[in-house]
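Asker: Return a 3D structure for these sequence lines:
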Amino acid sequence: MPCGINALIVAHVYELDLRLTSSAIAWSTAIFAVEVAILAPFL
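Answerer: Numbers count the residues shown, from 1 in each chain. I've put the predicted structure just below:
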């Protein structure tokens with residue numbers, strides 16, 4: 001996921017909370033995976 005890598009790079013450069021950034025990436029990925037699993041049979 002290029003967006004996740006970009007978010008981590010920006011967070012590191014600007015000395016932001018990397019734990020918060022990583023958890024946001026993990027949650028958004030998990031939500032997307034569940035959504036795809038639910039909608040896959042209908043496609």
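
Asker: For the host helix or strand of R19, list the C-alpha coordinates in CSV.
Answerer: Assigned by DSSP states H and E, R19 falls within helix 18-39. C-alpha atoms of helix 18-39 as CSV (Å, rounded to 0.1, in the frame of the first residue of the first chain):
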residue,chain,number,x,y,z
LEU,A,18,4.3,6.7,14.5
ARG,A,19,2.1,4.4,16.6
LEU,A,20,-1.0,6.5,15.8
THR,A,21,-0.1,6.6,12.1
SER,A,22,0.5,2.8,12.0
SER,A,23,-2.7,2.0,13.8
ALA,A,24,-4.7,4.3,11.4
ILE,A,25,-3.1,2.4,8.4
ALA,A,26,-3.9,-1.0,10.0
TRP,A,27,-7.5,-0.1,10.8
SER,A,28,-8.2,1.3,7.4
THR,A,29,-6.7,-1.8,5.8
ALA,A,30,-8.8,-4.1,8.0
ILE,A,31,-12.0,-2.2,7.3
PHE,A,32,-11.3,-2.4,3.6
ALA,A,33,-10.5,-6.2,3.8
VAL,A,34,-13.8,-6.9,5.6
GLU,A,35,-15.7,-4.8,3.1
VAL,A,36,-14.3,-6.6,0.2
ALA,A,37,-15.0,-10.0,1.8
ILE,A,38,-18.6,-9.0,2.4
LEU,A,39,-19.2,-7.5,-1.1
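
Asker: Show me what counts as buried in that helix.
Answerer: By neighbour count with 16 or more other Cβ atoms under 10 Å, helix 18-39 contains the buried residues T21, I25. C-beta: built from backbone N, CA, C; applies to glycine.

Asker: which residues touch it?
Answerer: With Cβ atoms under 8 Å, 6 or more residues apart in numbering as the test, helix 18-39 has contacts from M1, G4, A7, L8, A11, H12.
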